[in-house]
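Colleague: Provided below are the primary sequence and the corresponding predicted coordinates.
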Amino acid sequence: MKYIIVQAGGRGSRLETLTTNKPKALVPVDNLPMIFHLFNRYPDAKFKIIADYHKDTFKRYLNAFAKVDYEVVEASKKGTCSGIQDCLKSIPDNTPFMLIWCDLVLSEIQRGAFKGDCNYLGISKDFPCRWSYKDNKFEETPSSENGVAGMFIFKDKLQIADVPAEGEFVRYLSTKDISFNRLDMYGGLEIGTMLSYFQNELNKPKCRPFNKMEFKGDIVLKYGINEQGHRLAQDEIAWYKKVVDLGYTNIPKIYGYDPLVMEKIKGQNIFEYAFLTKGFKKALLSRIVTALKDLHNMIPVQQSSIDDCENNYITKTFDRLSTVQELVPFAKDDFVIINGKNVQIYLRLRIR
């Protein structure tokens, strides 16, 4: 799939507070902003992303983190048709392309090859949709068996050459005589409402987007899922191997290293326990510090490297800050007014 149009406009009001300060395409699902699941699925595609709500925030975020070929197209009208005509202008003739809603997270079943001379329509099998597709016709009837999921593959742009500048895209398709092959979608996610969001996110492990964790009873499996994750996983595995060889016991039991398999710790951060007294928390922290000192005393003293310290504690920190500088309010200013006083911004001075 060389060209993908992503309809990422709209207020996302059904996601309530999750879209107060950002577009719905940036709402995290499985520890990653929704639209980045699509980027990871099709890393070589050219993306045409239709945006309006919080579009400036969207652009800054994509500029900082998106590693794909993309173009942001600003929607000037209302509805899911808005912006599509502008996207079609840069798609070559006789070229298949995908059009997809940003709140749809595809499952593995959509990775198969498609015939280039056909149109395809994603059909929901796991979540309800307002429109359905049955007997080759679109109907405004809710369905979880024949629902129009929001993923369309067209054999060329002539199929929708007369798409209007505004209005509802599926309603427009219902007036057209376009033949679609059904693409039944099992295991995909549609994160359009607060309910669907919490149903998906509830009780899922929280981790970095380059990691994946699985819980099997009292066992935790941890994987790296990209280059950064694999690199850090090797460092973590090496650390645990070394600590186990030293005979240190204040760590979870380790059952395997490829992937890292360990005992699940049944607990939380001590500050999440509201009923613990300040004195009890202090005692627990003291035990943690003592455990760390015991580990350090098991390792032969080595001369620290000034270069390593500078790289890990200073260089890396400001490299990361430079990446997100455009996303930080007032980051470009030398001073900001707080409670009527001019306060110098340290971040700006250091990144310079």
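Modeller: All right, it came through fine.
Colleague: can you list the weak-confidence ranges in the stretch 51-200 of the chain?
Modeller: 108-116, 200 (pLDDT under 70).
Colleague: Show me where it has its helices.
Modeller: Assigned by DSSP state H, counting those that start in this stretch, the stretch 51-200 of the chain shows helices spanning 55-65, 84-88, 169-174, 194-201.
Colleague: and what of the stretch 201-350 of the chain?
Modeller: With DSSP H, counting those that start in this stretch as the criterion, the stretch 201-350 of the chain has helices spanning 227-245, 278-297, 306-310, 316-324, 346-351.
Colleague: For the first one, name the packing helices and strands.
Modeller: Contacts defined by 3 or more Cβ pairs under 8 Å, 6 or more residues apart in numbering; DSSP states H and E place helix 227-245 against strand 211-216, strand 219-224, strand 254-257, strand 260-263. Where C-beta positions appear, they are placed from N, C-alpha and C, glycine not excepted.
Colleague: Which positions within that helix qualify as buried?
Modeller: Using 16 or more other Cβ atoms under 10 Å as the test for burial, helix 227-245 gives 229, 233, 237, 240, 243.
Colleague: Excluding chain neighbours, what is closest to the last one?
Modeller: Counting by Cβ to Cβ, 6 or more residues apart in numbering, Val243 lies nearest to Ile251, which is 6.0 Å off, once chain neighbours are set aside.
Colleague: how near is that neighbour to Asp103?
Modeller: 40 Å (Cβ to Cβ, to the nearest Å).
Colleague: Same question for Tyr197.
Modeller: Distance check for Tyr197 against Asp103: by Cβ to Cβ, it reads 9 Å.
Colleague: before we move on, the earlier item: with distance to Val163, mean pLDDT and mean neighbour count as added columns, please give the helices and strands packed on helix 227-245 in CSV.
Modeller: Conversion of those to CSV gives the following (distance: least, Cβ to Cβ, whole Å; pLDDT from 0 to 100; neighbours: other Cβ atoms under 10 Å):
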stretch, distance to Val163, mean pLDDT, mean neighbour count
strand 211-216, 38, 84, 14
strand 219-224, 42, 89, 17
strand 254-257, 53, 92, 14
strand 260-263, 49, 93, 17
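Colleague: Make JSON lines out of those strands and add distance to Lys137.
Modeller: Written out in JSON lines, the entries for the helices and strands packed on helix 227-245 read as follows (distance: least, Cβ to Cβ, whole Å):
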{"stretch": "strand 211-216", "distance to Lys137": "41"}
{"stretch": "strand 219-224", "distance to Lys137": "44"}
{"stretch": "strand 254-257", "distance to Lys137": "53"}
{"stretch": "strand 260-263", "distance to Lys137": "51"}
